[in-house]
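> Below is the sequence, then the predicted model.
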Amino acid sequence: MEREETKVAFGPYSRIGLAAVFLPLYGGPVLSGWAGHPLTTLPVFALTFLLFIAATRRPHLDDAGGRAALVLMAVVQVVLASACFAAGRWIGLVAGPLALTIWLPIALSAVAALVGAWRYSDSAEMDVFLDGAIDRLNEIDRGLVSDWTDIHPEPAAATTQAVERALSALAALPRDARAGQIDPVVQRLEREAGIAAFDPLYDAAGEVDGTEDPRIDRALLRFVASPRIRRQLVERGEGAMAAMLLLNAADAGVRFEARSLLLTLIDEGVPVDQLPDPVWLDELSEAFPGEGYDEIARLRG
């Protein structure tokens with residue numbers, strides 16, 4: 001009897017069994033958002049979710065109803081992936097960015113999807129579970145995605161073009177370009193696009209896989225150095241977002257500017273929940289001794 005109870009406790013529909021599949025499945029985009037990966041990863045996660053759901057629900061594609069069900073599944077998975085990614089971004093704002101290669105969260109979700117498809121395919125019990133779970137998740141997701149898209153709308157074509165021009169101008173500068181060379185570029189970007197340029201510029205900065213570009217990183221920090229842009233970011237709860245992305249940059253000059261921006265925000269009284277986590281600042285102090293992260297932690301309080 002004890003053996004039977006143990007088997008049930010760890011079975012496919014036990015809490016542990018479900019968590020073993022769904023936590024890594026949905027944890028992938030959360031980790032990706034936390035690590036500040038580009039939004040182009042979202043379709044990958046949505047497709048992974050769709051393959052898992054389609055494998056377990058197996059819609060009949062030989063009739064219109066089955067095809068409509070597949071389209072509905074696809075829409076739901078895009079919403080779920082976006083919500084998880086948005087939740088990760090919010091965690092990154094509170095706890096600081098996470099250094100992860102872009103492939104690790106994708107692999108985590110993909111493996112979970114494969115395991116889940118194998119364990120739950122062609123199961124009536126899984127149909128019931130998913131119907132209830134998706135209904136509950138959609139209620140949560142509508143709130144998360146609504147909040148995220150209100151603050152981070154899809155950039156307009158004019159904004160995208162302005163950012164692309166700025167990136168081209170930065171690429172024409174030497175890699176060790178300083179503030180005097182970068183400021184005219186970001187000042188023009190601010191005039192053309194304003195705060196709307198922050199998200200695409202943020203997505204272009206801060207790569208940690210050997211492809212980081214200090215010109216783009218400095219441009220992001222100089223863009224946020226504008227009092228108007230900085231004030232708008234603080235108002236939407238993201239005052240230190242750019243600084244936190246680059247506190248551990250490979251380039252020492254970029255780290256210096258990120259720390260300077262953070263000190264400015266502290267002097268201006270930015271809410272403490274927008275500042276880096278003290279534990280992370282301690283880790284940065286150990287990784288980059290003598291660069292002043294311990295002083296930032298002390299001022300943060």
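It's in.

> Now do the contacts for G33.
Shown in contact with G33 (CB atoms under 8 Å, 6 or more residues apart in numbering): 84-92. To be clear about C-beta, it is placed using only N, CA and C from the backbone, and glycine gets the same treatment.

> As TSV, those with secondary structure would be great.
What follows is the contacts of G33, written out as TSV (DSSP: H, G, I helix; E, B strand; the rest coil):
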residue	secondary structure
C84	helix
F85	helix
A86	helix
A87	helix
G88	helix
R89	helix
W90	helix
I91	helix
G92	helix
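
> Taking those residues, please make a PyMOL selection of just the buried ones.
Filtering the contacts of G33 down to the buried ones (16 or more other CB atoms under 10 Å) takes a single PyMOL command:
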select buried, resi 84+85+86+87+88+89+90+91+92
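
> what's the lowest-pLDDT member of the contacts of G33?
Ranked by pLDDT, the contacts of G33 bottom out at G92, which has 84.

> can you list the weak-confidence ranges in the protein?
1-21, 55-70, 118-153, 207-211 (pLDDT under 70).

> domains for it, by residue range?
2-151, 157-300 (automatic domain parsing).

> Any idea how far the shortest one is from the middle of the chain?
Same thing as domain 157-300. Remark: domain 157-300 is offset 16 Å from the chain centroid, using CA atoms, centre = their mean, to the nearest Å.

> Nearest residue to the middle of this structure?
The centre of the chain sits closest to G33, judged by CA atoms, centre = their mean, with a distance of 1.7 Å.

> Check which helix or strand that one maps to.
Using DSSP states H and E, G33 maps to helix 15-34.

> Which is the succeeding secondary structure element to that helix?
With elements assigned by DSSP H and E, the helix or strand that comes after helix 15-34 is helix 42-57.

> elements contacting that next one?
Using 3 or more CB pairs under 8 Å, 6 or more residues apart in numbering; DSSP states H and E, the elements in contact with helix 42-57 are helix 15-34, helix 64-95, helix 103-120, helix 124-151.

> Does N248 touch G96 like I think?
No: look at N248 against G96 with CB atoms under 8 Å: they stay out of range, at 9.2 Å.

> Neighbour count: these two, which is higher?
Taking other CB atoms under 10 Å, N248 and G96 do not tie; G96 has more neighbours (23 against 20).

> Next up, the contacts around Y202.
Y202 touches 36, 220, 241-242, 245, counting by CB under 8 Å, 6+ apart.

> I meant L42, not that one.
By CB under 8 Å, 6+ apart, L42 lies in contact with 29, 78, 81-82, 85.

> For the stretch 151-300 of the chain, just list every one of the helices.
With DSSP state H, counting those that start in this stretch as the criterion, the stretch 151-300 of the chain has helices at 157-171, 179-193, 198-204, 214-224, 227-235, 241-246, 252-267, 278-287, 293-300.
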